[in-house]
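# have a look at this prediction, sequence included:
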Amino acid sequence: MATSRRLIILSVLVCLLLVEASEGSKARHYKWDVEYFFWSPDCVENVVMGINGQFPGPTIRAKAGDMVVVELTNKLHTEGVVIHWHGIRQFGTPWADGTASISQCAINPGETFIYRFKVDKAGTYFYHGHFGMQRSAGLYGSLIVDVEDGKKEPFHYDGEFDLLLSDWWHQSVHHQEVGLSSKPFRWIGEPQTLLINGRGQYNCSLAAHYSNSSSSQCRLRGREQCAPPILHVLPNKIYRLRIASTTALASLNLAIGNHKMVVVEADGNYVQPFAVDDLDIYSGESYSVLITTNQDPSNNYWLSVGVRGREPKTQQGLTILNYHPNSASKLPASSPPVTPLWNDYNHSKSFTNKIFASMGSPKPPRNYDRRITLLNTQNKLNGYTKWAINNVSLTLPPTPYLGSIKNGLRNAFNQENPPESFSNDYDVMKPPVNPNTTTGNGVYMLGMNTTVDVILQNANALSANVSEIHPWHLHGHDFWILGYGEGKFSTKDEKKLNLKNPPLRNTAVIFPYGWTALRFVADNPGAWAFHCHIEPHLHMGMGVVFAEGIQHLNRIPLEALACGLTGKMLMTTNNHN
Ligand code: C2O
Ligand code: CU
């Protein structure tokens, strides 16, 4: 029986391959080993979690319609691993989403798991670890999808650069994680360094050159692992910068001296082009901008990245835009662009409010079937500090939801629906110290193909007069951002929602004390995380799980349901009963 089953699977695979070939799309194969190794991302030696000896991991480059196949081997000695393909919706392959406890078991040390999924839409994406705080440990890389052969992007450019932004701590993620789950609570603090393509310089701003600071050892590095990735350009050309943020914590702002940027893409969707001097980018977001190299070619220009939304204690991340090959390491004539003040939220809001869907992008349904309001609060629970959604702090179950829902394993997670909203008399500006916070792992079960609205409601955190930024990311779907507003969402805000040209994205920010309204169609069978993309916040419970249509899935690969050979054997036996 097992043999014939294998034969059937094999022939299905062969058929799939044939179908692919006939469509003219390709399979892109990668063989990756995830390992810890020594590395100096910011010129200080540390341990990073990387892939095939590279940090950040290798870039995946594919065309829309291609199959990406990543054969991932866990070479870590004492911990499991998974990789999530951020922004890829995984239509029909929810088991390849790479979320531990949600779409699959973590891959055990020594084991190999094959991720096989279709990249159906051109755009700027990335991938990262999605187990514990492995993204903070350095497990990430770029995933770029080009338009399919014979199609064109709706804008012209002569060259492109990929900029993957991240933040880096000197303390290990294990140390950080213990602090977050201790009482008293120990916060991880601000990052030591901001990295551009995994490179930065700790405590040594290249900009020190312009002040009379003593950091004389600061210079443009050459071949070191921490050497800035210089952008070599030619005069009078148009370049596309693909910018993605996989930060653990920091909200960032990016600017290039003397050069305007025209924003054309956000999270893998085209937007109505608009020009800016600087761009805000939150963890989990990606943008494409076009720049024209029309400045004096005998000069170099700074590209600077700074922190927003939290009082920065981290120096700007810097690299150089260089026109002339003979002067690549010449420092620019003027100092780097100054990052807008960290708490100038009006600046952030005015940027966010310029983003609209480009003409011809899909429009949201006029009405919703279900509206879920999610209150974001920071709470105390038995002395521990947690983040909670409608007063439930998410703790993931050991059995992945995808398999437990498919197989009706009722003891695998809380069966009751998590709260759909919060009490009306709740003062978001001055919330009570939520006495009835609980931990939980219930699932919002969504009707297949229903239209779901989510209102994300921000509130005051534990300390008085503090409300933080949270970038929320949805797996398995893009959503329309219908609007942002101040205070508590109310029926009068309803009329202000944008149903005409709301941007389609996979990540949306909530501003301090504000709300953000989203709409999506639950059209993708699977179990999908929806969470704050700040990694320590998620670790402290800031997320929920949606699921739809799992009964429509024919077969979930055994490797996603159980681990090792005994797991596979037991699953097979079970299937026979
Ligand atoms: Cu990039 Cu669930 O995250
Ligand atoms: Cu958060």
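Yes, it's here. Here the structure is a predicted model, which is why all the values come from computation and not from measurement. Numbers count the residues shown, from 1 in each chain. Ligands and ions are numbered 1, 2, ... in the order given.

# packing partners of whichever strand or helix holds residue 387?
Assigned by DSSP states H and E, residue 387 falls within strand 384-389. Contact partners of strand 384-389 among helices and strands, from 3 or more C-beta pairs under 8 Å, 6 or more residues apart in numbering; DSSP states H and E: strand 370-381. Heads up, the C-betas are built off the backbone N, CA and C, glycines and all.

# returning to that earlier point: next helix or strand past the strand holding residue 387?
The element immediately downstream of strand 384-389 (helix or strand, assigned by DSSP H and E) is strand 392-394.

# and the closest residue in space to residue 420 that isn't next to it in sequence, how many neighbours?
Excluding the flanking residues, the one nearest residue 420 by C-beta to C-beta, 6 or more residues apart in numbering is residue 372, at 5.6 Å. Using other C-beta atoms under 10 Å, residue 372 is surrounded by 23 other residues.

# you'd agree residue 372 is up against residue 454?
Yes: with contact defined as C-beta atoms under 8 Å, residue 372 reaches residue 454; the gap is 5.3 Å.

# can you tell me which residues in the stretch 401-550 of the chain are near ligand 2?
When proximity is defined by C-beta under 5 Å from the ion, the stretch 401-550 of the chain lies next to ligand 2 at 470, 532, 534, 537.

# narrow these to those in helices?
residue 537 (DSSP state H).

# what lines up beside the helix or strand containing residue 30 in the sheet?
Per DSSP H and E: residue 30 is located in strand 27-39. Here strand 27-39 is paired, per DSSP bridges, with strand 46-51 (antiparallel), strand 67-74 (parallel).

# dump those to a markdown table, plus distance to ligand 2 and mean pLDDT.
Shown next, in a markdown table, are these (distance: least, C-beta to the ion, whole Å; pLDDT from 0 to 100):
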| stretch | distance to ligand 2 | mean pLDDT |
| --- | --- | --- |
| strand 46-51 | 22 | 98 |
| strand 67-74 | 28 | 98 |
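
# got CSV for the ones you listed, with mean neighbour count too?
Converted to CSV, the strands paired with strand 27-39 look like this (neighbours: other C-beta atoms under 10 Å):
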stretch, mean neighbour count
strand 46-51, 20
strand 67-74, 19
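
# can you add distance to residue 555 and give those strands back as a markdown table?
Converted to a markdown table, the strands paired with strand 27-39 look like this (distance: least, C-beta to C-beta, whole Å):
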| stretch | distance to residue 555 |
| --- | --- |
| strand 46-51 | 29 |
| strand 67-74 | 18 |
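
# and the nearest residue to residue 103 once chain neighbours are set aside, its phi and psi?
Take residue 103 and drop its neighbours on the chain: the residue closest to it by C-beta to C-beta, 6+ apart is residue 97, 4.0 Å away. Per-residue torsions, residue 97: phi -70, psi -20 (degrees, to the nearest 10).

# list the contacts of residue 97.
Residues near residue 97 by C-beta atoms under 8 Å, 6 or more residues apart in numbering: 84, 85, 90, 103, 104, 475, 476, 526, 528.

# and the gap between it and residue 116?
From residue 97 across to residue 116, the span is 12 Å (C-beta to C-beta, to the nearest Å).

# next: residue 398.
25 Å.

# please enumerate the strands of the stretch 251-400 of the chain.
Counting by DSSP state E, counting those that start in this stretch, the segments of the stretch 251-400 of the chain that form strands are 251-256, 261-266, 269-276, 278-281, 286-292, 300-308, 317-322, 370-381, 384-389, 392-394.

# can you tell me the strand partners of the second one and which way each runs?
Strands that pair with strand 261-266, judged by DSSP bridges, come out as strand 269-276 (antiparallel), strand 286-292 (antiparallel).

# ok, and what's touching it?
123-124, 154-155, 240-241, 270-271, 273-279, 285-291, 354-355, 503, 505.

# same question for it, mean pLDDT?
On average, the pLDDT along strand 261-266 is 98.

# repeat for the longest one
Strand 370-381 carries an average pLDDT of 96.

# same question for the shortest one.
Confidence over strand 392-394, taken as the mean pLDDT, stands at 97.

# any part of it near ligand 2?
No: Strand 392-394 lies out of reach of ligand 2 by C-beta under 5 Å from the ion, never closer than 12.2 Å.

# what packs against that strand?
If you count contacts as 3+ C-beta pairs under 8 Å, 6+ apart, strand 392-394 packs onto strand 438-440, strand 543-548.

# return the set of buried residues in the next helix or strand after that strand.
Counting by DSSP H and E, the next helix or strand C-terminal to strand 392-394 is helix 401-406. For helix 401-406, the neighbour count (16 or more other C-beta atoms under 10 Å) marks 401, 402, 403, 404, 405, 406 as buried.

# show me what contacts the first one?
Which is residue 401. Contacts of residue 401 (C-beta under 8 Å, 6+ apart): 101, 102, 103, 412, 413, 443, 527, 545, 547.

# can we see that at 6 Å?
102, 527 (C-beta atoms under 6 Å, 6 or more residues apart in numbering).

# next: residue 453.
Taking C-beta under 6 Å, 6+ apart as the test, what residue 453 contacts is 368, 371, 519.

# what does the model give it for pLDDT?
Note on residue 453: pLDDT of 98.

# with ligand 1 as the reference, measure out to it.
21 Å (C-beta to the nearest ligand atom, to the nearest Å).

# quick revisit: and the strand holding residue 387, C-alpha only, in PDB?
Below are the C-alpha coordinates for strand 384-389, written out as PDB (Å, rounded to 0.1, in the frame of the first residue of the first chain):
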ATOM      1  CA  TYR A 384       4.800  38.700  32.900                       C
ATOM      2  CA  THR A 385       4.600  41.500  30.300                       C
ATOM      3  CA  LYS A 386       2.500  40.400  27.200                       C
ATOM      4  CA  TRP A 387       0.900  41.900  24.200                       C
ATOM      5  CA  ALA A 388      -2.700  40.900  23.700                       C
ATOM      6  CA  ILE A 389      -5.400  41.100  21.100                       C
END
